[in-house]
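J.: could you work out the structure for the sequence below:
(chains A and B)
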Amino acid sequence: MTNTIRREILIPQPREQVWRAITDSATLAEWMFPNDFEPRVGHRFTFRVPGNPKANFDGLTVRCEVLECEPPSQLVFSWSAGGPVENTQVSFRLEPDGEGTRILFEHSGFDISHPFGKQAFKGAEYGWARMFKQLAAVVAGLAADRN
Amino acid sequence: MHLTRKQLLTYIAGMVVTPNREPDVFTAISHPARRRMLDLLAEADRSVNAMAGHFKMSRPAVSQHLRVLLDSGLVTEKRHGRERHYHFVPERLTPVREWIALYERFWDDRLQRLQKLLSKKSEK
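T.: Here you go, the predicted model:
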């Protein structure tokens, strides 16, 4: 039981520009979260998702490692946030499409049947329930930002 | 799926209140043996004996895992002559699918921001 999120987006800007937006740490922070990304394979970095006091959410650190980096066409990094979202993979494939770029986005490796040890399930604050709560808080925070 | 912020928080609160008394679905699917049981039950309703034949563990251990599945609502039992048959209720996996849906919303939001950022930058 694993699941993959896939999205395909057509963007009018050329690949080089999209590549910069996904691989320049400062630009990446503008649409993702504060990070210490560097575009080289093997580099370990984090995204720091800010807290949301209204949703009783302390914030979250996502641990990542660059797995593939081939400018300007392919960026893959691991994405570990705990529980079943450990060593999942986020990938951006950029294909030229006329003047623009086709972004093939994928987030794979969710183990929705994550084999938790007994330790992980001593209470509601662990494992899936905790992951769910954190993510819900992030999403709620995103929705609140827009309003 | 579109949830308002209030619905989301209600949902989260609900998840936090229940797990200790009633094993939630996430806990229920956390054990490999229970997932195997669900796979077997997804093929057909089965009795506990028919299930036990697929496992090396003792009958009581099989029953105990079945109990967790029953408590989570993922499985129901029906009398069938002298035996009880167990039946998989896939609809109960909805919270798991909704969890993935939350991650989808997360990425949709981020990718939308990426698009906006790029169009802003190319205007300059």
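J.: what distance do you get for B:Lys53 to B:Arg34?
T.: No Lys there; residue B:53 is Gly. 16 Å (Cβ to Cβ, to the nearest Å). Any C-beta I mention is one placed from the backbone N, CA and C, and that applies to glycine too.
J.: the two: which is more packed in?
T.: B:Arg34 (21 against 11; other Cβ atoms under 10 Å in any protein chain shown).
J.: please identify the buried residues of stretch B:116-124?
T.: B:117-118 (16 or more other Cβ atoms under 10 Å in any protein chain shown).
J.: only alpha carbons, please: show that stretch as CSV.
T.: The C-alpha coordinates for stretch B:116-124 follow below in CSV (Å, rounded to 0.1, in the frame of the first residue of the first chain):
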residue,chain,number,x,y,z
LYS,B,116,2.8,32.9,-9.3
LEU,B,117,6.4,33.6,-8.4
LEU,B,118,7.6,32.8,-11.9
SER,B,119,5.0,35.0,-13.6
LYS,B,120,5.9,37.8,-11.3
LYS,B,121,9.6,37.4,-12.0
SER,B,122,9.2,37.3,-15.8
GLU,B,123,7.1,40.5,-15.7
LYS,B,124,10.1,42.4,-14.3
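J.: what ranges does chain B have for its strands?
T.: B:46-47, B:75-80, B:83-88 (DSSP state E).
J.: looking at those, which is closest to A:Glu38?
T.: A:Glu38 lies closest, by Cβ to Cβ, to one member of the strands of chain B: strand B:83-88, at 47.2 Å.
J.: and that closest one, how far from the chain's centre?
T.: Remark: strand B:83-88 is offset 19 Å from the chain centroid, using Cα atoms, centre = their mean, to the nearest Å.
J.: please apply the same query to stretch A:46-64.
T.: 13 Å.
J.: what are the buried residues along it?
T.: Those would be A:46-47, A:49, A:52, A:55, A:57, A:60, A:62, A:64, for stretch A:46-64 by 16+ other Cβ under 10 Å.
J.: where does the prediction get shaky in chain B?
T.: B:1-23, B:124 (pLDDT under 70).
J.: the longest helix in chain B is where?
T.: The longest helix of chain B (DSSP state H) is helix B:94-123.
J.: what's the nearest residue in chain B when you look at chain A?
T.: B:Phe26 (3.3 Å; Cβ to the nearest Cβ).
J.: lovely, talk soon.
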